[in-house]
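Asker: Next one to model:
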Amino acid sequence: MRSIWLIAENFVREQRIVLMVFVGWIFGFVLFFGLFAGPATASEYQGLFQQQAIYGVVYGLIVALQTIHGERKSRRILAVLSKGIYRGEYIAGLMLGNALLTSIYMGCLGTVYMFVSWKFGMNASLWPTIGAAWLASILAGSIALFFGALLHPAMAAVGTSLVMGTPLLLERGLGPAASMLVPVNYVVKELLEYSFPRGWPGSWHFVPIAMLEIGLLWFLTAKIFARRDVTVAIE
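Answerer: Sure thing, here's the model as predicted:
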C-alpha cells in the first residue's frame, strides 16, 4: 500500500502545474464575476458552478489520457518498475493520484461556492453534488487510463469518447436508464439540472455502478498493461 501511495503522491507532484491552472480558474472566474462583471445574481453564479463542476469531471479524463504515454516517454516508468513494484500496484497508484487531483479540485470548488452561497444568504446544498461529480471524474479518468494503456493519447481520447457516448445512443431504444451504463453521462446530465436551493437533482443508484466499473477498469488495465513491453522507446 505504501508503494501505491508514493506513486500517487509523485503523480500529484508532476501534475501540480495543471492542477494550479484549473484551481486558479475557479478562483479567477468567481473574482471576475464579483469585481468586474457588475452585480452578479445567484443564478449566474449557479450557472458558473455547473460549468466548473462539469469541467472537474473532464479534468480527471484529460490528465489520465496522457499519463502512461508520458511516463513511458520520459522512461520514468522503468525506474519505478525496477524497484520491484507490480504492474497492478503501478496502475493503482496512477488511479489514486488522479483521484487525489480531482479531490483537490472539487474541494476548492466546494469551498469557493460555500462563500458565494453565504454571500446571497442561501444554505446551498453543494457537497452531495460535488461528491457525485468527483466520482464521475474518477470513473472518466479510469476509462481514459484504460485506453491510454493500449493506445496513443489521441486514439485513447477517441476510444474514451466512444465508450462514454454509447449510452447516449442507447437511450433512444432503452430510455433514460441507459445513461446509467456509464454513469459519467448521468452525472453530467444531472449537473445541468442543478440549482442552489434544490441541491443534487438525481438519484444515487449510479454510485455502486460507478464503483464497480472503476474496480473492473483497474483490473483490466493492470492485466493488459502487464503484457505491454515498456522498455521499447516511444516517440
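Asker: switch to C-alpha atoms for all contacts and neighbour counts from now on
Answerer: Will do.
Asker: which residues of this structure score low on pLDDT?
Answerer: 33-40, 74, 81, 229-235 (pLDDT under 70).
Asker: got the buried residues for the lengthiest helix in the chain?
Answerer: Secondary structure of the chain per DSSP state H: the longest helix is helix 87-119. For helix 87-119, burial by neighbour count (16 or more other CA atoms under 10 Å) applies to 87-103, 105-110, 113-114, 116-117.
Asker: where along this protein do the helices fall?
Answerer: With DSSP H as the criterion, the chain has helices spanning 2-14, 16-35, 42-65, 67-73, 76-81, 87-119, 127-148, 153-174, 183-191, 206-225.
Asker: in the fifth one, what counts as buried?
Answerer: By that I understand helix 76-81. 77, 80.
Asker: Find the nearest non-adjacent residue to residue 101, please.
Answerer: Excluding the flanking residues, the one nearest residue 101 by CA to CA, 6 or more residues apart in numbering is residue 12, at 6.3 Å.
Asker: can you tell me how far the one you found sits from residue 114?
Answerer: Remark: distance between residue 12 and residue 114 (CA to CA, to the nearest Å) = 25 Å.
Asker: same question, residue 91
Answerer: Counting by CA to CA, the gap from residue 91 to residue 114 is 34 Å.
Asker: same deal with residue 181?
Answerer: 32 Å.
Asker: How about the contacts made by residue 22?
Answerer: Each residue near residue 22 by CA atoms under 8 Å, 6 or more residues apart in numbering is listed here: residue 105.
Asker: could we number from 468 for the rest of this?
Answerer: With 468 as the first residue, the last one maps to residue 489.
Asker: from the helices of the chain, which stretch is densest packed?
Answerer: Among these, helix 594-615 has the highest mean neighbour count (mean count of other CA atoms under 10 Å), at a mean of 25.
Asker: how distant is that helix from the center of its chain?
Answerer: Here the centre of helix 594-615 is set off from its chain's centre by 4 Å, with CA atoms, centre = their mean, to the nearest Å.
Asker: Can you spell out which helices and strands pack onto that helix?
Answerer: Of the remaining helices and strands, those touching helix 594-615 by 3 or more CA pairs under 8 Å, 6 or more residues apart in numbering; DSSP states H and E are helix 509-532, helix 534-540, helix 554-586, helix 620-641, helix 650-658, helix 673-692.
Asker: give me that answer again for 6 Å
Answerer: helix 509-532, helix 620-641 (3 or more CA pairs under 6 Å, 6 or more residues apart in numbering; DSSP states H and E).
Asker: Let's have those in JSON lines, adding distance to residue 610.
Answerer: JSON lines is the format used below for the helices and strands packed on helix 594-615 (distance: least, CA to CA, whole Å):
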{"stretch": "helix 509-532", "distance to residue 610": "8"}
{"stretch": "helix 620-641", "distance to residue 610": "6"}
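Asker: what's the closest of those to residue 663?
Answerer: Checking those against residue 663 by CA to CA gives helix 509-532 as the closest, at 6.6 Å.
Asker: Report all helices and strands that the closest one contacts.
Answerer: By 3+ CA pairs under 6 Å, 6+ apart, helix 509-532 packs against helix 594-615.
Asker: could you check the angle helix 620-641 makes with the helix it packs on?
Answerer: Here helix 594-615 points in a direction 120 degrees away from that of helix 620-641 (axes from the mean of the first three to the mean of the last three CA atoms, to 10 degrees).
Asker: In PDB, list the C-alpha atoms belonging to helix 594-615.
Answerer: The C-alpha atoms that make up helix 594-615 are tabulated as PDB, following Å, rounded to 0.1, in the frame of the first residue of the first chain:
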ATOM      1  CA  TRP A 594     -21.300  18.800  -1.300                       C
ATOM      2  CA  PRO A 595     -23.600  16.000  -2.400                       C
ATOM      3  CA  THR A 596     -23.400  17.300  -6.000                       C
ATOM      4  CA  ILE A 597     -19.700  17.800  -5.700                       C
ATOM      5  CA  GLY A 598     -19.400  14.200  -4.500                       C
ATOM      6  CA  ALA A 599     -21.300  13.000  -7.500                       C
ATOM      7  CA  ALA A 600     -19.100  15.000  -9.800                       C
ATOM      8  CA  TRP A 601     -16.000  13.700  -8.000                       C
ATOM      9  CA  LEU A 602     -17.000  10.100  -8.500                       C
ATOM     10  CA  ALA A 603     -17.800  10.700 -12.200                       C
ATOM     11  CA  SER A 604     -14.400  12.300 -12.700                       C
ATOM     12  CA  ILE A 605     -12.600   9.300 -11.200                       C
ATOM     13  CA  LEU A 606     -14.600   7.000 -13.500                       C
ATOM     14  CA  ALA A 607     -13.900   9.100 -16.600                       C
ATOM     15  CA  GLY A 608     -10.200   9.100 -15.700                       C
ATOM     16  CA  SER A 609     -10.300   5.300 -15.200                       C
ATOM     17  CA  ILE A 610     -11.800   4.800 -18.700                       C
ATOM     18  CA  ALA A 611      -9.100   7.200 -20.200                       C
ATOM     19  CA  LEU A 612      -6.300   5.300 -18.300                       C
ATOM     20  CA  PHE A 613      -7.600   2.000 -19.700                       C
ATOM     21  CA  PHE A 614      -7.400   3.200 -23.300                       C
ATOM     22  CA  GLY A 615      -4.100   5.100 -22.500                       C
END
